[in-house]
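Colleague: Need coordinates for the following:
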Amino acid sequence: MKLIIDTDPGVDDALAILYAALHPGIQLVGLTTVFGNVTVEQATRNALCLVERAGLDVPVAEGAGKPLELPPFEPAAIVHGPEGFGDIPAPVVSGKALEETAAEFLVRMARETPGEIVLCPIGPITNVAEAIRLDPDFATNIKSIVFMGGALDARGNVSGVAEANTWHDPHALDIVLASGADITMVGLDVTMQVLLTAEDFRELARIDPEHGAFLQEMSHFYLAFYHSKGEAGCGFHDPMAVMACLMPDLLDCEVTPLSVVLEGEEIGRTVRATGPAAGRAPVRVALGCDPAEVKRRYFDLFASVQAAG
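Modeller: You can find the predicted model right below:
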């Protein structure tokens, strides 16, 4: 599977990107970066760090630094740390981003390989909306979009009803949902069913002393935030979206047209579409999973990579 991840790394982004980089069934053909957990400049640096760490020659294209219509946001340093990787200092990288923007890169890749690329946005979906605006054929050139975001029936995590990625740029998500693309939403309804604990991160470090230990080091700050909110562990947000690209059988989905609230107290809320929006192409919305099986498949990959040497 050819995969592009649109990302704002981010601790859980690192969990997702390293999984994709190591999986033999995934050909990671690019990363695009966006504001969100960190600034877009930090996101680009962190994305370059992750592909270098994984030993991959993967292009990175820098994208949007702010939402389409809303004012700019400050990064979520309280969640992911000042540089995005918890307490780990800013990484030094040797690579550079492409000259073309994220939207230009997405459009070009989709045109060159129509119907082949799965796109997995795991930050605010601004770059994807800009690609759709840039090329009316983008939604049909891309094979599918599996995005991490939204909360259909679950409680939000930045407001009572809104998830962070959708809250950061609801106008972008509305463009994507109206595009007619093949879309799966992997949101808080399912990602908070799987929690990674400190014990899980210790196990990850044990089975993979290289990548697992790196992820464990950045987890301490992230887990402390979740513990402050009364959670036993951190949600499995971004890695679940990447896994769903390759293994859709992991998730139980409802199929429904979706819309997103664009103003007022419920801004960023994802809802089953009514009115004119009900005529949109339906979206698969992940609502259930087997948490033990999701964890098993994630950990098994790191174990198998180490076993293969």
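Colleague: what bridges to residue 147?
Modeller: residue 185 (DSSP bridges).
Colleague: and it, how many neighbours does it have?
Modeller: Neighbour count for residue 147, taken as other Cβ atoms under 10 Å: 27. Any C-beta I mention is one placed from the backbone N, CA and C, and that applies to glycine too.
Colleague: Tell me who's in contact with it.
Modeller: By Cβ atoms under 8 Å, 6 or more residues apart in numbering, the contact list for residue 147 reads 120-122, 125, 128, 165, 176, 183-186, 241.
Colleague: Out of those, list just those in helices.
Modeller: 128, 165, 176, 241 (DSSP state H).
Colleague: What is the burial count for the third one?
Modeller: If I follow you right, that is residue 176. 26.
Colleague: thought it was touching residue 132?
Modeller: Yes - here residue 176 lies in contact with residue 132, judged by Cβ atoms under 8 Å, at a distance of 6.7 Å.
Colleague: Low-confidence regions, the stretch 51-200 of the chain specifically.
Modeller: Within the stretch 51-200 of the chain, no stretch falls below the threshold (pLDDT under 70).
Colleague: and which of the contacts of residue 147 is nearest residue 203?
Modeller: Set against residue 203, the nearest of the contacts of residue 147 by Cβ to Cβ is residue 241 (22.0 Å).
Colleague: and that closest one, how many residues sit next to it?
Modeller: If you count neighbours by other Cβ under 10 Å, residue 241 ends up with 27.
Colleague: Tell me who's in contact with the residue nearest to it when sequence neighbours are not counted.
Modeller: Leaving aside its sequence neighbours, residue 241 sits nearest to residue 148 (Cβ to Cβ, 6 or more residues apart in numbering; 3.8 Å). Contacts for residue 148 (Cβ under 8 Å, 6+ apart) come out as 120-122, 165, 186-187, 191, 237-238, 240-241.
Colleague: now swap in residue 1 and tell me
Modeller: Residues counted as contacts of residue 1 (Cβ under 8 Å, 6+ apart) are 25-27, 118, 245-246.
Colleague: same check, this time on residue 84
Modeller: Counting by Cβ under 8 Å, 6+ apart, residue 84 touches 8-11, 37-38, 42-43, 46, 75.
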